[in-house]
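> give me a 3D structure for the following:
(one chain, ligands or ions: 1)
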Amino acid sequence: MVDDLEYTKEYCSTCEAEHTMLDGGDIIDCMIYYRNNVESEEIKKAREDKVEIWDPVTKVWVKKTERYKNAV
Ligand SMILES: [Zn+2]
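Numbering: from 1, shown residues only. The predicted structure is shown next:
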């Protein structure tokens, strides 16, 4: 039998949306729901733009988006 408990959506009083609540509900569940369903592409991109990763070759922090751009 498939345990579908974790796919059950419940009303969340924290963010006032319906989303899955693992382990009885957690702010993490709200964040996951928000990122997957509420956040716009622009906001997602804006957050991605801020992500920096360490470049072991040049030994500098580079924007993740720049890194990908150079890799292509
Ligand atoms: Zn919530």
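
> all contacts plus neighbour counts: C-alpha atoms, from now on.
Noted.

> residue of the chain nearest the ion, please.
Relative to the ion, the nearest point of the chain is Cys30 (3.7 Å; Cα to the ion).

> right, and Glu18 touches Tyr11 too?
Yes - counting by Cα atoms under 8 Å, Glu18 touches Tyr11, with 4.4 Å between them.

> hang on, Gly49 in a strand?
You called it Gly, but residue 49 is Asp. No - with DSSP: H, G, I helix; E, B strand; the rest coil as the criterion, Asp49 is assigned helix and is not in a strand.

> return the residues in contact with the residue nearest the centre of the chain.
Nearest to the geometric centre of the chain sits Arg35, at 4.9 Å (Cα atoms, centre = their mean). By Cα atoms under 8 Å, 6 or more residues apart in numbering, Arg35 lies in contact with Lys44.

> which pLDDT value belongs to it?
Note for Arg35: predicted pLDDT of 89.

> how far away is it from Arg67?
Per Cα to Cα, to the nearest Å, Arg35 is found 23 Å from Arg67.
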